[in-house]
Each structure stands twice: as C-alpha cells, then as structure tokens.
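Novice: sequence unknown, structure follows:
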C-alpha cells in the first residue's frame, strides 16, 4: 500500500510568456453567467476530483473520535509553540511560516526595503482572531523588518475577536464603513484601502473561510467562491507595486479557481501554490502565494469590482469571470495547474486510505481480542 507523510510541497504556476494578457476589457458590457456551486465544475481533472470525492465519502458514518485518533497517529499534529527562531500559539502560525519560507517572501520583502526605511505595512483580511498577524510580528524580528498591521474581520462573531496580545501601537483593527467588517461589502474593502493609502503596504494575508457541513464538504471549493474572490480582489486594491499576497485555498478543480490563478500569473511576477507541512496531507487546504505585484490596469479593476458586486449576488451562485477556454488555450499554465492539483489530490487520497486501513486494522484487532479463548 502506498504511503505519504506530512511535508511542505510547493508548485510554481506560469503562463505562456508569448501570450498577451487576457482581453478583460472586451468583457466589460457582458452579463455574468451564473451556476449553482454544485454545478460549478467542468471535465478538467474530473477523474482525479471524483476519485478524491469517493475516498472522502468512504469516511461518512465513521466515528469522529476514532477517525481523529487514527489520523493523528498517522499524521501527528505538530506541536504548537517553539520551533526554530520563532514561537506561535497555534498551527496557523507554522503554516504561514512554512508557506512564506518556501516561496522566499521574506527575502523579497527585504529586497523591497533595501537601502530604505525597513518599516512596511501588512493587511490581515478576514483574519480574526489574528493568528497570522501574531505570527507575522514574531517572524519579522528574525528578518529585521518593522511591521505595522491593519486587520479587518467580522465583528461580534464568537472566536473572531482580535487577540489582545497584538501590539496596540502597531496593529489597527477596522470594520469598514458599515461597522461589520464584512468583506462581502466592497465599500468595506475600499475603506481599508483609504485607511492605508499613506502606508508602504507590501503584504496582504487572507485566511477567510467558514465551516461547511460534512455532507457537502466536497463542494467547499465552490461554496467558498465568493469569499475567495473577495479576498483576491482586496489584495489588488490594497497592495503597493512589488508587494506579496497569501490566500488560503481549498481544492482547485473548478473553472473559478483556474481563472483566478491564471489571472494572478499576469498580476504578479511569481505565483506559487504551497501545501505546508503543518497543513495536514489528509485535507484539501493549500495556499496561493504571489510575489511582486505588478499593479492592475483600471479597466481590469473596474471589471473585477463589477463582477464582485453584480456577479456574486449571493453565496449560492458562481459567476463566470471570463471564458475558461482562454485559460485552457495556455498549455504552460494548464500543465502547471494539472501537476499541482493532481499531486495534492493524489497525496490526499493515499493519506485518507491509510486512515481507513488503520481504522479497519484496529477494528479487526479489537474483534480478535474479544473472541473467547477455546
């Protein structure tokens, strides 16, 4: 039986250097086609997607306690706290550190401040209670960078209140024009942008998401489409040229994610997808990490904002941002995308089968022990 282990894996996404940027301006007057999140997939990597879904479905009905015990025995949770030069109070900090280190973000930020004031600003979007901000302040000392942070998260939601340990003189929490901190309101993102206009904002991190019921967990990627696009758009509005962006993703099978990642290869100098070691191999979580923001043309921004306000009318509908055929014509990107998605999905399938095998083995051993001795 194949086996895998938790380890950091990193993939580079590129577009064909000979291909011009997508003609987003030609879409400006088009109406947005929408599909329900259940129907927001196509045939690209369909076999890999269905194989993963089938394996996940095999876990249905298992005792949760038994599953967690088997999972943690095979893929032990890394101990939160001290590790190397920094310490965190949770796994999120370790995942962030591994993603940033695997892609050279800190070195890039050091280069951006070379010979100038080493103070830069970051925005933590959908970041409550502040695990990423907490980790960034801790890591910045190692790289001799001075950080000022700005955070926006939902207000009055249990568990999302910002950590009181965040330095009040270097971190400002804001909740937008309506006081909710809701990223679905574009005006709230714009308010955060206005607040940071005088800052050298070189890093945006976004960890937003929400719990998805177990019976529809296979659709987490498309159910989360609206919040993923909102955070992706927020980075374009907040970053200064040369800046970096990190976004938590889930599966990457849908046309929506394919388009977002493809567009990112034109908006940034380098685009990576990272599966950190502390992000268990049994789950779909991964991180988009983009370096060297190039800026977004005004027609692109106007179109993306319209897509967010008019296309994403609710949490059930996924709009077509641009024809996915434009993406599929780029063999370089399609090859990189297929390699990344297939590798992570394959490892996940193997790891889940390892958990199932351990549960079966434990159950068989338990039955044997209970048999009377003849």
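Specialist: It's in. Since this is a predicted model, take the numbers as computed values, not measurements.
Novice: from here on, contacts and neighbour counts on C-alpha atoms
Specialist: Fine.
Novice: Closest to the centroid, which residue in this structure?
Specialist: Relative to the mean C-alpha position of the chain, the nearest C-alpha, by C-alpha atoms, centre = their mean, is the one of residue 248, at 1.3 Å.
Novice: can you pull the contacts of that one?
Specialist: 206, 207, 208, 285, 286, 287, 288 (C-alpha atoms under 8 Å, 6 or more residues apart in numbering).
Novice: Restricted to strands, list those residues.
Specialist: Judged by DSSP state E, the subset of the contacts of residue 248 located in strands is 206, 286, 287, 288.
Novice: Would you check which pair of the residues you listed lies furthest apart?
Specialist: Pairwise distances across those peak at 12.3 Å for 206 and 286 (criterion: C-alpha to C-alpha).
Novice: Of these two, which one has the most company?
Specialist: residue 206 (27 against 24; other C-alpha atoms under 10 Å).
Novice: beta partners for the more buried one?
Specialist: residue 125, residue 247 (DSSP bridges).
Novice: shouldn't it be in contact with residue 126?
Specialist: Yes: contact criterion C-alpha atoms under 8 Å: residue 206 and residue 126 qualify, at 6.0 Å.
Novice: Now for those two: what residues contact both?
Specialist: Common neighbours of residue 206 and residue 126 (C-alpha under 8 Å, 6+ apart) are residue 231.
Novice: mind checking how far residue 26 is from residue 300?
Specialist: Counting by C-alpha to C-alpha, to the nearest Å, the gap from residue 26 to residue 300 is 10 Å.
Novice: Then residue 94?
Specialist: 34 Å.
Novice: These two: who's more crowded?
Specialist: residue 94 (27 against 16).
Novice: List the contacts of whichever strand or helix holds that one.
Specialist: Under the criterion of DSSP states H and E, residue 94 resides in helix 91-103. Helix 91-103 is contacted by residues 8, 10, 78-80, 88, 106, 131-132, 134-135, 139, 272, 274-279, 287, 289 when judged by C-alpha under 8 Å, 6+ apart.
Novice: Please identify the buried residues of it?
Specialist: For helix 91-103, a neighbour-count test (16 or more other C-alpha atoms under 10 Å) marks 91, 92, 93, 94, 95, 96, 97, 98, 99, 100, 102, 103 as buried.
Novice: what pLDDT, on average, does the lengthiest helix in the chain get?
Specialist: Determined from DSSP state H, the single longest helix within the chain is helix 331-370. Averaged across helix 331-370, the pLDDT comes to 87.
Novice: Any stretches of this protein with poor pLDDT?
Specialist: 1, 77-89, 115-117, 363-374 (pLDDT under 70).
Novice: Wait, residue 265 touches residue 17, no?
Specialist: No: using C-alpha under 8 Å, residue 265 makes no contact with residue 17, being 10.2 Å away.
Novice: neighbour-wise, which of these two wins?
Specialist: residue 265 (22 against 10).
Novice: a helix runs through residue 290, doesn't it?
Specialist: No: Residue 290 is assigned strand when assessed by DSSP: H, G, I helix; E, B strand; the rest coil, not a helix.
Novice: Tell me the secondary structure at the residue lying closest to it once chain neighbours are set aside.
Specialist: Spatially, and ignoring its direct neighbours in sequence, residue 290 is nearest to residue 271 (4.5 Å; C-alpha to C-alpha, 6 or more residues apart in numbering). Taking three-state DSSP as the rule, one finds residue 271 in the strand state.
Novice: Relative to residue 190, how far out is residue 175?
Specialist: In terms of C-alpha to C-alpha, residue 175 sits 11 Å off from residue 190.
Novice: still on that earlier bit, redo the contacts of residue 248 as TSV? Include distance to residue 241.
Specialist: Shown next, in TSV, are the contacts of residue 248 (distance: C-alpha to C-alpha, whole Å):
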residue	distance to residue 241
206	18
207	22
208	24
285	28
286	25
287	21
288	18
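Novice: Counting neighbours, which of those residues comes out on top?
Specialist: Busiest of the contacts of residue 248 [other C-alpha under 10 Å] is residue 206, holding 27 neighbours.
Novice: Identify the residues contacting it.
Specialist: Contacts of residue 206 (C-alpha under 8 Å, 6+ apart): 124, 125, 126, 127, 231, 246, 247, 248.
Novice: from what I can see the second one touches residue 149, true?
Specialist: No: under the criterion of C-alpha under 8 Å, residue 125 makes no contact with residue 149, lying 10.6 Å away.
Novice: More neighbours: which of the two?
Specialist: Neighbours of residue 125 and residue 149, each counted by other C-alpha under 10 Å, are more numerous for residue 125; the result is 30 against 25.
Novice: just to revisit the earlier point, and the next element down the chain from the helix holding residue 94?
Specialist: By DSSP H and E, the next helix or strand past helix 91-103 is helix 105-112.
Novice: what helices or strands is that following helix leaning on?
Specialist: The contact analysis (3 or more C-alpha pairs under 8 Å, 6 or more residues apart in numbering; DSSP states H and E) places helix 105-112 against no helix or strand.
Novice: Which positions in it come out as buried?
Specialist: For helix 105-112, using 16+ other C-alpha under 10 Å, the buried residues are 105, 106, 108, 109, 110, 112.
Novice: list the contacts for the fourth one?
Specialist: Read that as residue 109. 202, 243.
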